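S.K.: Next comes the sequence, and after it the predicted model I'd like to discuss.
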Amino acid sequence: MRSAKYSGPGSAADVISIVETDTPTPGPGEVLLRVGAAGLNPVDVKIRAAAHDFGVIRYTDRPGWDVAGVVAEVGADVADWERGDRVHALAAFPDAAHTLAEYAVVSAADLAPIPSTWSTAQAGAAPLAVLTAWQALDAAGVSDGQRVLVLGGAGGVGHLAIQLAVARGAEVVTTGSPAKHELLRSWGATEVVDYRDGKALAAIAPVDAVIVTVDGTLPPRGAVQQGTSVITITGLTAAQSAQLSDWGATPVQRILVHADGAELTEIATLAEAGKVTVHLDSSFPLDQLAAAEERVETGRATGKVAVVVDRAI
Ligand SMILES: NC(=O)c1ccc[n+]([C@@H]2O[C@H](COP(=O)([O-])OP(=O)(O)OC[C@H]3O[C@@H](n4cnc5c(N)ncnc54)[C@H](OP(=O)(O)O)[C@@H]3O)[C@@H](O)[C@H]2O)c1
């Protein structure tokens, strides 16, 4: 089968190639997927550029964690899935999963049905980002009637966090550049602020929860009140965390997404109901993976970047 491979640390154009590898065999509790599409995330490009582990996130020269496809073979002890099922997953994260290939072995526990409202490319691109958004909202305890600030609403995680927060009954305020404001509103945000406009940022009224998706960015002072939960998926310095505590926020939680087929299945139900969609910034065939990674690396993608492995799926 054809698989993506990194030859070492370096730029996408220098180190990515598509090579022939053996098709893997599913073990107990696993299925073999014929891959239709896979997603890319900033972590893929950071890992490729550095060629070493990031904490618990495993470097591998055979990349890919997001995947959508069709079950081709079922291993022993798999009761819930059968040949022909259309499924998607965040596979094995933070361990290696090798999904940027024509076939991939995935644990049955990581799988969820592809919602009928999503294309294969959308389903392949979504899992890591949508599970991050879901788990961040859970960590913040976001519920009906709350007011939530999503810092960085136009990115892969941000655009899904807006929609999932709205699906939970929250009112969402978010940040994005002006060219993206209409899209941010279409995902359900009721207040949209240009992140380069200090006055508009300062005018954001207090919120119950903040989801930070932009590296090193603090919520503005006025948005934080006593008890505001702040969840970050990137980094905040100790000084920034202390500043937030001084303003009354509960201790900042930094989360790392984990694979979870049951949560992805709950999200599929929302997608079937038309409550969450995946905005595709762009799609690239597998043999243009380097160009796809370069697009993610710009930090300017709107929604998700997909890699289409087999258009027939
Ligand atoms: N902890 C975890 O488990 C976890 C999981 C997923 C992702 N992450 C991390 O979270 C970060 C975001 O991931 P992602 O996939 O959402 O990234 P992404 O899709 O690459 O984000 C790109 C978007 O960010 C927007 N943006 C850039 N600077 C901004 C700013 N100052 N304020 C508001 N928006 C801004 C850009 O809009 P403009 O073009 O308009 O600037 C663009 O639409 C990355 O650092 C990633 O590694 C962590």
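M.R.: Alright, I've got the coordinates. Numbers count the residues shown, from 1 in each chain.

S.K.: From here on, just use CA atoms for contacts and neighbour counts.
M.R.: Fine.

S.K.: what about the biggest strand by length in the chain and the ligand, touching?
M.R.: When the chain is parsed with DSSP state E, its longest strand is strand 30-40. No: Strand 30-40 lies apart from the ligand when judged by CA under 6 Å from any ligand atom; the minimum separation is 8.2 Å.

S.K.: With just CA atoms, put that strand into PDB.
M.R.: Provided in PDB are the C-alpha atoms of strand 30-40 (Å, rounded to 0.1, in the frame of the first residue of the first chain):
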ATOM      1  CA  GLU A  30      -8.800  -3.700  16.000                       C
ATOM      2  CA  VAL A  31     -10.200  -3.200  12.500                       C
ATOM      3  CA  LEU A  32      -8.400  -2.500   9.200                       C
ATOM      4  CA  LEU A  33      -9.700   0.500   7.400                       C
ATOM      5  CA  ARG A  34      -9.500   1.300   3.700                       C
ATOM      6  CA  VAL A  35      -8.700   5.000   4.100                       C
ATOM      7  CA  GLY A  36     -10.800   7.600   2.300                       C
ATOM      8  CA  ALA A  37      -9.500  10.700   3.900                       C
ATOM      9  CA  ALA A  38      -7.300  11.900   6.800                       C
ATOM     10  CA  GLY A  39      -7.000  15.200   8.600                       C
ATOM     11  CA  LEU A  40      -4.000  17.300   9.400                       C
END
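
S.K.: Mind giving me the packing neighbours of that strand?
M.R.: strand 66-74, strand 103-107, helix 120-125, helix 289-297, strand 304-308 (3 or more CA pairs under 8 Å, 6 or more residues apart in numbering; DSSP states H and E).

S.K.: ok, 7 Å please
M.R.: Packed against strand 30-40, as judged by 3 or more CA pairs under 7 Å, 6 or more residues apart in numbering; DSSP states H and E, are the following elements: strand 66-74, strand 103-107, helix 120-125, strand 304-308.

S.K.: Let me know which of the ones you listed is the nearest to residue 245.
M.R.: Smallest distance to residue 245 across those (CA to CA): 32.9 Å, for strand 304-308.

S.K.: so what strands line up beside that closest one?
M.R.: Paired neighbours of strand 304-308 in the sheet (DSSP bridges): strand 30-40 (antiparallel), strand 280-285 (parallel).

S.K.: Tell me the gap between it and the middle of its chain.
M.R.: Chain-centre distance of strand 304-308: 12 Å, with CA atoms, centre = their mean, to the nearest Å.

S.K.: just the angle between it and strand 66-74, please?
M.R.: Taking axes from the mean of the first three to the mean of the last three CA atoms, to 10 degrees, one finds that strand 304-308 is oriented at 40 degrees with respect to strand 66-74.

S.K.: Which positions in the stretch 151-300 of the chain make contact with the ligand?
M.R.: Within the stretch 151-300 of the chain, the positions near the ligand by CA under 6 Å from any ligand atom are 151-152, 154-158, 175-177, 195, 213-215, 233-234, 255-257, 296, 299-300.

S.K.: 8 Å instead, please
M.R.: 151-159, 175-180, 194-196, 213-215, 217, 232-234, 254-258, 296-300 (CA under 8 Å from any ligand atom).

S.K.: residues in contact with the most centrally placed residue in the chain?
M.R.: Taking CA atoms, centre = their mean, the centroid of the chain lies closest to residue 129, which sits 1.1 Å from it. Residues near residue 129 by CA atoms under 7 Å, 6 or more residues apart in numbering: 156-157.

S.K.: and if you look at residue 15?
M.R.: 6-8 are the contacts of residue 15 under CA under 7 Å, 6+ apart.

S.K.: just residue 127 next, same as before
M.R.: 66, 89-90.

S.K.: Which one, of the strands paired with strand 304-308, ends up nearest to residue 190?
M.R.: strand 280-285 (21.8 Å).

S.K.: Going by neighbour count, which residues in the closest one are buried?
M.R.: 280-284 (16 or more other CA atoms under 10 Å).

S.K.: Mean pLDDT and distance to residue 56 added to the strands paired with strand 304-308, as CSV?
M.R.: Shown next, in CSV, are the strands paired with strand 304-308 (pLDDT from 0 to 100; distance: least, CA to CA, whole Å):
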stretch, mean pLDDT, distance to residue 56
strand 30-40, 98, 19
strand 280-285, 98, 28
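
S.K.: Switch these over to a markdown table; also include distance to residue 108.
M.R.: Formatted as a markdown table, the strands paired with strand 304-308 follow (distance: least, CA to CA, whole Å):
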| stretch | distance to residue 108 |
| --- | --- |
| strand 30-40 | 5 |
| strand 280-285 | 26 |
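
S.K.: If anything else comes up later, I'll come back, but that's it for now.
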